[in-house]
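Visitor: How does the following fold in three dimensions:
(2 chains)
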There are 2 protein chains.
Amino acid sequence: MTTTSTSDGYLYSETGLKAGLPSESVISPPQKIDRQVDIWDVAVIGAGYAGLVAARDLTLRGCRVLLVEARDRIGGRTWTSTIDGYQYEMGGTWIHWCQPHLFHELSRYGLTKEIMFSQQYSDNDRVMTAKVLSIYCDIDGCQARRVIPLPYDPASRGEVAERWDAYSASDRLNQVRSQLSTEEIALLQAIIMRTGGSADLEKIAFWDILRWWALCGYDGNGLAGSTALCRLKCGQTALAQSIFREALDTGYLSYMFQDPVVRVDQTDKSGATVHCLSAEVFRAKRIVCTIPLNVLSDILFRPSLSGSKIRALTSGSIALASKVNFEVTGSGLRQWSGIAHPACGGISYACADGTTPSGTTHIAANIFPICPEKDIETIKDALLRIKPLGIKKIVFHNWATDVYAKGAWTTFKPNMSRESLGPLQERHGWLFFANSDWADGWRGFIDGAIEQGMKVAKQVATELI
Amino acid sequence: MTTTSTSDGYLYSETGLKAGLPSESVISPPQKIDRQVDIWDVAVIGAGYAGLVAARDLTLRGCRVLLVEARDRIGGRTWTSTIDGYQYEMGGTWIHWCQPHLFHELSRYGLTKEIMFSQQYSDNDRVMTAKVLSIYCDIDGCQARRVIPLPYDPASRGEVAERWDAYSASDRLNQVRSQLSTEEIALLQAIIMRTGGSADLEKIAFWDILRWWALCGYDGNGLAGSTALCRLKCGQTALAQSIFREALDTGYLSYMFQDPVVRVDQTDKSGATVHCLSAEVFRAKRIVCTIPLNVLSDILFRPSLSGSKIRALTSGSIALASKVNFEVTGSGLRQWSGIAHPACGGISYACADGTTPSGTTHIAANIFPICPEKDIETIKDALLRIKPLGIKKIVFHNWATDVYAKGAWTTFKPNMSRESLGPLQERHGWLFFANSDWADGWRGFIDGAIEQGMKVAKQVATELI
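Guide: Predicted coordinates for the structure are as follows:
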């Protein structure tokens, strides 16, 4: 089977830096449109997990759906590049059976057997991680169970929760600092930084850490286990393909890749029109818009979005990381995990993530704020300074400079849950908004994207059918 | 809205014992059959969660489905009786966000906001529960993470797992007995008995406890939290109704309640015939059989089931409990939990589960081996001996004497995972078997039923479409 290449991502090897990477996620040819359809039941903007799930659920219910995507591939901020028989995750990676929407999809497509352990934490790491997080999150004498009893239900939050939402990750750290050793503080900072995707702990809402903690069963190993332990052997793109194929098999899905949406009009009462960069225009009764939080302001909406939604967009998301995969010589590194704070030369987090078919080691890292495509030597030096390794390849995607993402996963700032979550989820006329960036549960994770796609598809179907 | 009554369950009040209970789960009229259909795409036998999910997923994919059910209601071993404005769960009750298939369904129907905390464990109970389970399950120095790394994947089990599968819950208890106080041993026995549904710890596979432990994130509070902490405010029947209605809304579902299947023939190559007690006969290309483990042998299959499946059925399931709800005077009991071992006069487990609209307290209990419909006075005495309370009502379902269940949830005996799980899941010609009793993950829970229904529907759809 020949694999096509996406224009996303970069490969650095001995022959230098090259844009674009091989990936099964590319859809070729990029268009398949039923031109008989005059008005679509639903136009889904964006073919990430939220869009794919919405398209599948709606076509299964018999709706005629047009899926429009700016990129040349499916998966959005989650995709896999296969190089020399090894699956590199270029974005969303980590999965766990306590992520219900994601796990349900794996189960649906028979992929639960593809779950593999990536990192191999030592028992020592495990115990220390559990300890520091337990101290950090225990704000009510029962591990936050009282303050955040139902992590999926924002409406269940009481006054006490509102108060904690104002705290930054750093504010909370200052409260417990005296209970922790220097080494423990460094570990905690590194975990928060890795989870929050920013080196600036002032910007990360403590509430976001608490929510993850509660989602994982109020348990530090749960948190570590769910957020950076297991991934799919076959690569995430296999899941995205399964969802896409099931939608296609209904016969109700048309699609257009490589054509960014620039404008959405709702100027008459019967529906909306979607305007693409290519000047193609589509009419639809309903729109499911899955454009990420940091990109939504780039689209022209007529009438314009509500003031509260625009304010929420202005807050923005703060995780501006690159996902960087190193292939290094040797295989004796499987237990290595270089979580570090403050970030060493831009590498906030690196861990041995697998062994390639040729016996080399794959090291996965998050890097910010350095721009790897402009400054690959700094990245190389940073890794070599942490550990002297023979770098054979660097395979990366800079999510911060990606114009269709403008950031990696979403972390909220203090007070943003209270002020922005509702407005971000709110519909706008015939437009519905689905994205992991404003999920109720696993915000910023693959699970949250699936949650959102499913919920919005259900709402839309209820109105249409 | 008037509520109809099911013939299931019993109500004991000052006027005596009466069979049958009011429930929204009753389907009336019991039949709606499209008589134009000569050969059904799929006949689904059983309208519990596995059958409902299979019927919904298949009708959504455009299959013509006939749902056949012996009872007068949906939900199988999970249903709600509404009496004086209070929702009594008569079977499956406990839910948690770490149960992915179940949670996905709640999310789909907007029911996650209905999750409520039933019991209010004291912090003391919580800490002691975590401690005893942690000692009990720590078979590899890292809380069983090495022995059972992927709890949903039976194929991932190594040789060490096979060895542990031979242990009974009691064998393992004997190994750790010296590390526990008398009080701790009693608590552990009570937890195992409650989880396993049997007072005989020799019969409960230690592996089943380990699997739950791993599913809950290798955490004792996870285990307690997932298996007896949260339930649905609106009652489980609301979820069953949502699934049933979505299937109906496709226009592809026909159904027949109150007509038990007695025989399934596969004597020609084009499909199978389902023979009901009423002498109705239906032809279908595929059958999804959701009849429980302890009942499957009552149906005549031609050709007969495989030897390995028949052997697996002979092992049977051991949880032969009644679900008994007491309404008692007063409301000051919300923190009370009467978990006890050995069972006090048949009550192995009782806990304050809610406050009724009239201000009385609802106490939920599991009772075995006493037969409450024959011996209500013993049940009353048993509760009064634990705590002197004014009993106003007893609302119960004896799952052991229920001919369509012959048991409550499923717990496996030692070695049964290894020997029986595969054969129980195996198809038989055009017949597919879906039931929580042989789920990969949350066996014996609502989640497992949904997992099975979804997986089998996917398999069937792949063959038909």
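Visitor: CA atoms for contacts and neighbours, from now on please.
Guide: Will do.
Visitor: so how far is stretch A:368-382 from its chain's centroid?
Guide: 22 Å (Cα atoms, centre = their mean, to the nearest Å).
Visitor: er, stretch A:62-72 actually
Guide: 20 Å.
Visitor: Check whether A:Leu133 really touches A:Gln189, as I assumed.
Guide: No: the pair A:Leu133 / A:Gln189 is not scored as a contact, 10.4 Å apart, by Cα atoms under 8 Å.
Visitor: Tell me how many other residues surround the closest residue to chain B within chain A.
Guide: Residue of chain A nearest chain B, by Cα to the nearest Cα: A:Pro100 (3.7 Å). Counted by other Cα atoms under 10 Å in any protein chain shown, the residues lying close to A:Pro100 total 26.
Visitor: Check it and give its pLDDT.
Guide: Listed pLDDT for A:Pro100 reads 95.
Visitor: So which residues of the stretch 251-400 of chain A form helices?
Guide: For the stretch 251-400 of chain A, applying DSSP state H, counting those that start in this stretch gives helices covering A:307-315, A:376-386.
Visitor: wait, isn't the residue of chain A closest to chain B in contact with B:Leu106?
Guide: No: the criterion here is Cα under 8 Å, and A:Pro100 misses it with B:Leu106 at 10.4 Å.
Visitor: Around chain B, pick out the residues from chain A.
Guide: A:60-61, A:97-101, A:103-104, A:107-110, A:112-113, A:115, A:123, A:142, A:150, A:152-153, A:155, A:215-217, A:219, A:222, A:250, A:451, A:454-455, A:458 (Cα under 8 Å from any Cα of the partner chain).
Visitor: which stretches of the stretch 1-150 of chain A aren't confidently modelled?
Guide: A:1-3, A:119-121 (pLDDT under 70).
Visitor: Please verify my assumption that A:Lys203 contacts A:Ser168.
Guide: Yes: judged on Cα under 8 Å, A:Lys203 makes contact with A:Ser168 at a distance of 6.3 Å.
Visitor: quick one: which of the two has more around it?
Guide: A:Ser168 (23 against 20).
Visitor: gap between the more buried one and A:Gly444?
Guide: To A:Gly444, A:Ser168 is 18 Å away according to Cα to Cα, to the nearest Å.
Visitor: Next: A:Asn325.
Guide: 20 Å.
Visitor: now swap in A:Lys458 and tell me
Guide: From A:Lys458 over to A:Gly444 the distance is 21 Å, taken as Cα to Cα.
Visitor: the more surrounded of those two?
Guide: A direct count of neighbours by other Cα under 10 Å for A:Lys458 and A:Gly444 places A:Gly444 higher, at 23 against 19.
Visitor: which element is that one on?
Guide: Following DSSP states H and E, one finds A:Gly444 outside all helices and strands.
Visitor: Run through the residues that contact it.
Guide: A:Trp409, A:Thr410, A:Thr411, A:Ser436, A:Asp437, A:Trp438 (Cα atoms under 8 Å, 6 or more residues apart in numbering or on different chains).
Visitor: Closest one of those to B:Glu246?
Guide: A:Ser436 (25.5 Å; Cα to Cα).
Visitor: Give me the spatial nearest neighbour of that closest one, chain neighbours excluded.
Guide: A:Ala449 (3.9 Å; Cα to Cα, 6 or more residues apart in numbering or on different chains).
Visitor: Tell me if I'm right that A:Thr237 and A:Thr80 touch.
Guide: Yes: the pair A:Thr237 / A:Thr80 is scored as a contact, 5.4 Å apart, by Cα under 8 Å.
Visitor: got a list of contacts for the host helix or strand of the residue nearest to A:Ser436?
Guide: Using DSSP H and E, A:Ala449 maps to helix A:446-464. By Cα under 8 Å, 6+ apart, the surrounding residues in contact with helix A:446-464 are A:41, A:48-55, A:57-58, A:61, A:78, A:92, A:95, A:99-102, A:286, A:288, A:432-443, B:107-110.
Visitor: Number of residues surrounding A:Asp125?
Guide: 14.
Visitor: Am I right that it falls within a helix?
Guide: Yes: with DSSP: H, G, I helix; E, B strand; the rest coil as the criterion, A:Asp125 is located in a helix.
Visitor: and the gap between it and A:Ile192?
Guide: Distance from A:Asp125 to A:Ile192, by Cα to Cα: 15 Å.
Visitor: same question, A:Ile376
Guide: As for A:Ile376, its distance to A:Ile192 is 26 Å (criterion: Cα to Cα).
Visitor: between those two, who's got more neighbours?
Guide: A:Ile192 (23 against 16).
Visitor: Secondary structure class of that one, three-state.
Guide: helix.
Visitor: Run through who's touching the helix or strand A:Val176 falls within.
Guide: Secondary structure assignment for A:Val176, by DSSP H and E: helix A:169-176. With contacts defined as Cα under 8 Å, 6+ apart, helix A:169-176 is touched by A:Ile135, A:Tyr136, A:Ile192, A:Leu201, A:Glu202, A:Lys203, A:Ile204, A:Ala205, A:Phe206, A:Ile209.
Visitor: what's the answer for stretch A:26-37, then?
Guide: A:Thr4, A:Ser5, A:Thr6, A:Leu66, A:Asp72, A:Arg73, A:Ile74, A:Ser254, A:Tyr255, A:Met256, A:Phe257, A:Gln258.
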